[in-house]
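*Asks:* Would you be able to build a 3D model of this:
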Amino acid sequence: MNPEDLKRQIDKMMHEHNNQGLPDFEGYSPSEMYQIMNFPFSLNSPVQLQRLDDDDYTKIPILNQVKYLIGLIEKQGEIKLTTRGYLPVKIVSDLYQQGFLKDEYIESGISKLYKETDSMTIHLTKILMELAGLSKKRNGKLSLTNESKRLLANDDELFRLVFLTFGQKFNWAYFDGYGDNQIGQLGFVFSLILLAKYGQEKRLDSFYAGKYFKAFPKLSESIEHSYGTLESYLSSCYSLRTFDRFLNYFGLIKIETEGKRLDSLQYITKTDLFDRLILCALHKKVDFV
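*Replies:* Take a look at the predicted model:
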């Protein structure tokens, strides 16, 4: 066999390997997973974000909380932050009272709402706006960027920006005690694939966690867990970040909890909004040329 024929045979073998659908990837190939992980919702990705109807955007809690804060800043021109760089108490109270997102501990009376960081979702909203380039801080004051003012009238563009900023720029480990790792955030689009495929039926969050770590087994390495089994610890981390603090904020899932807090079971179902937003194409075989 001459060198050119040998090279072509090797190239064909590599092509077949990279484009073969794998069970651990829910039938997608390594090449498709590369697109899913590195270029989410790009033209070559099998997962796409579809444009929603105008009424649908009103059903996305975190989007509407961002829009409301943008509106408050726009109305005042700029907002003077506290000496520590947080939103003033009046703004925090106004934002929380809109009811876009509620805090379990505040609602139960365990904690009180006095400042921005008392509400994780309000603190998150401000962080997302800064990371997305919607707001800027100068001389202790928070103001809007020109991009923010433009996007306020375009729900689709604003949603996509906030969604991708959450998925790619915001550190999902910021609010929890599970350590500085990429559980949940790495390959977050794969979780959308799982929900698209299995989310019509009510399933335990651990069901999705199992499939997620089967696709990304290296994420479970070098994880130090402080309680329970490693499997339950990883599942809890994945569930909290992916369901409670991501997809639920965007109105894409319904969470049902059964049992007492420490021994509770959490069931996940995708919403109708999810199906209108997320489009997953099947694995596509690519012939070798």
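*Asks:* Going by C-alpha atoms from here, please, whenever you check contacts or count neighbours.
*Replies:* Fine.
*Asks:* pull the CA atoms of stretch 142-153 into CSV?
*Replies:* The C-alpha trace of stretch 142-153 is given here as CSV (Å, rounded to 0.1, in the frame of the first residue of the first chain):
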residue,chain,number,x,y,z
LEU,A,142,-24.8,51.5,37.7
SER,A,143,-25.9,52.5,34.3
LEU,A,144,-27.0,50.9,31.0
THR,A,145,-25.0,50.3,27.9
ASN,A,146,-26.2,51.3,24.5
GLU,A,147,-26.6,47.6,23.7
SER,A,148,-29.0,47.2,26.7
LYS,A,149,-31.2,50.0,25.5
ARG,A,150,-31.4,48.4,22.0
LEU,A,151,-32.2,44.9,23.3
LEU,A,152,-34.9,46.0,25.7
ALA,A,153,-37.2,46.1,22.7
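*Asks:* residues of it that come out buried?
*Replies:* The neighbour-count check on stretch 142-153 (16 or more other Cα atoms under 10 Å) flags 142, 143, 144, 148, 151, 152 as buried.
*Asks:* Now, those residues that are in strands?
*Replies:* 142, 143, 144 (DSSP state E).
*Asks:* and the two most separated of the buried residues of stretch 142-153?
*Replies:* Pairwise distances among these were taken by Cα to Cα; the largest, 17.5 Å, belongs to 142 and 151.
*Asks:* Residue 178 and residue 238, how far apart?
*Replies:* Note on residue 178: its distance to residue 238, by Cα to Cα, to the nearest Å, is 10 Å.
*Asks:* higher neighbour count, the two?
*Replies:* Counting neighbours by other Cα atoms under 10 Å for residue 178 and for residue 238 shows that residue 238 has the greater number, 24 against 20.
*Asks:* Residue 31: which element?
*Replies:* helix 30-38 (DSSP states H and E).
*Asks:* So what touches that helix?
*Replies:* Helix 30-38 has contacts (Cα atoms under 8 Å, 6 or more residues apart in numbering) with 17-22, 25, 42, 44-47, 186-190, 283.
*Asks:* Got a quick ChimeraX command for the buried subset of these?
*Replies:* Applying 16+ other Cα under 10 Å to the contacts of helix 30-38, the buried members can be selected in ChimeraX as follows:
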select :18,19,20,21,25,45,46,47,186,187,188,189,190,283
